[in-house]
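Engineer: here is the input, now give the coordinates:
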Amino acid sequence: MKTLKTSIYYMFLCLSLVLTACSSDDDNANNNQQNNGSGELFTAKIDGTDFAASMDPATLIGGTKSTANGMTVVSGQGSTNSGDFINFNIIGYNGPGTYKTGDNLTNPNALQYGELAGQSANVWASNLATSAAGIAPGTIEITVDADGKIEGTFSFEGYNAQDMTSKMITQGQFKFSID
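Structural biologist: Residues are numbered from 1 along each chain as shown. Next up is the predicted model:
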């Protein structure tokens, strides 16, 4: 039980870091194109519909990489102007590679997709709780971690415990600067 509480604590800590993080080049006018070779991006398909984090009027993409108590955590998030978002946390990050989410109750890694609905959000997640619901694990693959940039891909089936629905998030790609 202590491991579960610690895992949940780290997941919420990472989420708060992602929500407060900003890219160091948010004001760079040359980053208004999503895939310009040096800009940032956060894209996916949600049940077949395109999702792209906002690049105008501001880049709503951020990420962090931090180490505390010998554990490295990487978090990333992309949001639309309407407030929809995708975020992830990798706890125990050890460089480029493939990381699973929602594959067992002791894995604190998480992926989430959320849609803003008034003052709250509907959230579909792949995390330690979804493993108990029989949802297949999500995957985050970090392909580049160099020169202050992290790039990779992701996919997952998100589960919303409130209304017991799921959404397929596929073809996810990200590239962001870390502070």
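Engineer: if I look at Ser79, how far off is Leu105?
Structural biologist: 29 Å (C-beta to C-beta, to the nearest Å). (C-beta placed from N, C-alpha, C; glycine too.)
Engineer: out of the two, which sits in the busier spot?
Structural biologist: Ser79 (20 against 14; other C-beta atoms under 10 Å).
Engineer: phi and psi next, for that one.
Structural biologist: Dihedral pair for Ser79: phi -130, psi 150, per degrees, to the nearest 10.
Engineer: is it true that it touches Phe51?
Structural biologist: No. Using C-beta atoms under 8 Å, Ser79 is not in contact with Phe51, being 10.0 Å away.
Engineer: this protein: strands as residue ranges?
Structural biologist: 41-46, 49-52, 61-68, 71-79, 85-91, 97-101, 110-117, 120-126, 138-146, 149-160, 165-177 (DSSP state E).
Engineer: so what touches the longest one?
Structural biologist: Contacts of strand 165-177 with the rest of the structure, by C-beta atoms under 8 Å, 6 or more residues apart in numbering, involve 23-25, 39-48, 51, 61-63, 76, 78, 86, 111, 113, 124, 135, 138, 144, 148-160.
Engineer: could you do the second one as well?
Structural biologist: Under the criterion C-beta under 8 Å, 6+ apart, residues 34, 41-45, 78, 80, 84, 86, 113, 169 lie in contact with strand 49-52.
Engineer: which among these gets closest to Met55?
Structural biologist: Taking C-beta to C-beta as the measure, Met55 sits nearest to Gln34 out of those, at 5.8 Å.
Engineer: now the buried members of the contacts of strand 165-177.
Structural biologist: Buried positions within the contacts of strand 165-177, assessed by neighbour count (16 or more other C-beta atoms under 10 Å), are 23, 39-44, 46, 51, 61-63, 76, 78, 86, 111, 113, 124, 135, 138, 150-160.
Engineer: Leu105 reaches Thr130, doesn't it?
Structural biologist: No. The criterion here is C-beta under 8 Å, and Leu105 misses it with Thr130 at 10.2 Å.
Engineer: any regions of this protein where pLDDT drops low?
Structural biologist: 1-38, 179 (pLDDT under 70).
Engineer: can we see that at 50?
Structural biologist: Across the chain, the ranges flagged by pLDDT under 50 are 1-38.
Engineer: what's the neighbour count on Asn89?
Structural biologist: Asn89, neighbours per other C-beta under 10 Å, totals 28.
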